[in-house]
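> 3D model of this:
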Amino acid sequence: MLQRCTPTFMVISPSQADVLGAGLPVVLELVVTAFLDCDFGLRDAERISVELIDDAGAPIVAQVEVETRGRTRLLKVSFTSPAEGSVHLRLVAEPTIGVFTQSHRVLRLSTRSWTELPMRSCNGLVEGPGGESLCVNDGRLEFANRVVSVDGVAVTSSMVWLVRSTSIDGCFSDGGTAVQVPLPSRAWAVAARGRQVAVSSAGSVTVVDETGGVRTLPLALGSFVQALAFSDEDSLLVAQAGGFDRVALDASVPVRPFAGRAPVLAMSDEGLWSIDSSETLTLRRFDGGMARAFGFGVPPTEGFALPDHIPILRPAGGTFGLVGIPVPAPDGGIAVDLVELPQALAPSWLTSKWLFARHRITRTLWMTPRVP
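Predicted coordinates for the structure are as follows:
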């Protein structure tokens, strides 16, 4: 008597990124669940095969390691990516359980000239009001010959603003505090323009000028402002729930409802950067224009408030020492440069001007222009 069987087949790739660096070793991880639910019990897949080919249909040599975890199998597919084109993967679970396919674009590496700063041990540099470089290291700012714990930092015409857990402090270059304004909670975002600074926290956006003047923009209950920028001296661009609103400094911030997972948001000199649940990077420019980039994953954010901050992207395959840098494209959109880091460097910050990285052993700072 023939038994009836119902197949169960599911393949999960831990990273949704689909971009590979050209000519580099790659390890793709796939979590596979494949079995048959038959009248007389469960039957595991007898064989799982993986095939890689290039755009011309030529095979790509790969090594496949399989780790069994109950009815789930973790596959690690190791290979060297071609110089151009795409890599096409085909996975088959037998007998007659399921077929899975996916493709990965291959991008050439972009060359960068790196500068080591052997006397600086920090995550990145912020330019002070006099052009001096201020070193920020894991929530600490090296400022006026001392180290200060901060949640963020911003710079106006003549002051450095220290964003603390309960206040924002405006300081002169010699370290003297000229302005101190209490905050209702830890700040989520900070912006600066001319002689004004703005911070978002629970219940409000607080705007302070160098003379100590304070304006408060109320927030609706449940609103979460993730990024800020001054559009001019009298209004702010307030980012929440995947978009931004232009708000006058004497108004309240409108409610922008959002259903689902909140996107990652960051503001730079170019506009609002957001990354949604499908890991699509979108730049909403201040003039209303929009550009997108696809195929890259995003590492966790470090939670430090900066006025100028661009997401660092990562390609597929767990390639060590390779990052994606969003740059302006000739057609007005976004291109992504794949940048190979010097040995033992780990990326830390990306701003409109600079990519910063730290040496994993010596902890010294390195930097390279965002746009070569």
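> Which strand or helix spans the spatially most central residue of the chain?
By CA atoms, centre = their mean, the chain has its centre lying nearest to Pro311, at 3.5 Å. Assessed by DSSP states H and E, Pro311 sits outside every helix and strand.
> How much space separates it from Trp273?
Pro311 sits 6 Å away from Trp273, going by CB to CB, to the nearest Å. For every residue, glycine as well, the C-beta is placed using N, CA and C.
> where do the contact lists of these two overlap?
The contact sets of Pro311 and Trp273 overlap at Ala266, Leu281, Pro326 (CB atoms under 8 Å, 6 or more residues apart in numbering).
> Tell me which of these fall in strands.
Ala266, Leu281, Pro326 (DSSP state E).
> just those residues now: which is nearest Ser231?
Ala266 (16.7 Å; CB to CB).
> Hmm, Trp273 and that closest one touching each other?
Yes - with contact defined as CB atoms under 8 Å, Ala266 counts as touching Trp273 (4.7 Å).
> neighbour count winner among the two?
Set Ala266 next to Trp273 and count neighbours by other CB atoms under 10 Å: Trp273 wins out with 22 against 19.
> got the contact list for that one?
Under the criterion of CB under 8 Å, 6+ apart, the neighbours of Trp273 are Leu265, Ala266, Met267, Leu281, Thr282, Leu283, Ile310, Pro311, Pro326.
> now swap in Glu132 and tell me
Neighbours of Glu132 in contact, by CB under 8 Å, 6+ apart: Ser173.
> so how far is Ser201 from it?
Relative to Ser201, and taking CB to CB, Glu132 is found at 28 Å.
> Tabulate the contacts of Trp273 in JSON lines, adding columns for pLDDT and distance to Ile60.
Listed next are these as JSON lines, based on pLDDT from 0 to 100; distance: CB to CB, whole Å:
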{"residue": "Leu265", "pLDDT": "70", "distance to Ile60": "38"}
{"residue": "Ala266", "pLDDT": "79", "distance to Ile60": "36"}
{"residue": "Met267", "pLDDT": "83", "distance to Ile60": "41"}
{"residue": "Leu281", "pLDDT": "83", "distance to Ile60": "28"}
{"residue": "Thr282", "pLDDT": "84", "distance to Ile60": "32"}
{"residue": "Leu283", "pLDDT": "86", "distance to Ile60": "34"}
{"residue": "Ile310", "pLDDT": "88", "distance to Ile60": "33"}
{"residue": "Pro311", "pLDDT": "85", "distance to Ile60": "30"}
{"residue": "Pro326", "pLDDT": "90", "distance to Ile60": "29"}
